[in-house]
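>>> Sequence plus predicted model, see below.
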Amino acid sequence: MRKAVYYLSTCDTCKKIMSQMNLEGFETIDIKNAPLTEAQLLELYVITESYEELFNKRARKYKELDLKNKNLTENDYKTLILQEYTFLKRPVFLINGEIFVGNSKATVERLKKRIGVEKAN
């Protein structure tokens, strides 16, 4: 099992969330400088069982490509995430088989509780 966080170094929200967490023991992966591999994406997919859940619908390119008006399949989401790093919803925290995707308040609160448990062990 492993602990990793996929983030974008130019994303202020990612930086803010990460600054609130104890990242000791985490592999930090800047997806701009180290693009997500198919194997890494599969590791995330096995937990979420959805590429759409990992997909960032607020990405600038999502609007530019007018993807909102297209009927995308799971395979489309997978392909798009692998082609363009900004399509991965972020940050993504992977903690020993658990996953926390995105920056919603609820996700961040669950993450804080989980990492708190990690600190105690």
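Now that the structure is in, tell me what you want to look at. All values derive from a computational prediction rather than experimental measurement.

>>> the helices in this protein, which residues?
12-19, 38-48, 60-64, 74-83, 105-120 (DSSP state H).

>>> Contact partners for the residue nearest the centre of the chain?
For the chain, the residue sitting closest to the mean C-alpha position, by C-alpha atoms, centre = their mean, is residue 92 at 2.8 Å. Neighbour list for residue 92: 5-7, 44, 54, 99-102 [criterion: C-beta atoms under 8 Å, 6 or more residues apart in numbering]. Heads up, the C-betas are built off the backbone N, CA and C, glycines and all.

>>> quick one: low-confidence ranges for this protein?
Applying pLDDT under 70 to the chain flags residues 116-121.

>>> that older thread, go through the helices of the chain and pick out the most buried.
helix 74-83 (a mean of 16; mean count of other C-beta atoms under 10 Å).

>>> Leaving out sequence neighbours, find the closest residue to residue 53.
With sequence-adjacent residues excluded and distances taken as C-beta to C-beta, 6 or more residues apart in numbering, residue 53 is closest to residue 101, at 6.2 Å.

>>> For the one you found, the count of nearby residues, please.
23 (other C-beta atoms under 10 Å).

>>> Not counting its neighbours along the chain, what's nearest residue 28?
According to C-beta to C-beta, 6+ apart, the nearest residue to residue 28 is residue 5 (5.4 Å).

>>> Check whether the one you found really touches residue 15, as I assumed.
No: with contact defined as C-beta atoms under 8 Å, residue 5 does not count as touching residue 15 (11.4 Å).
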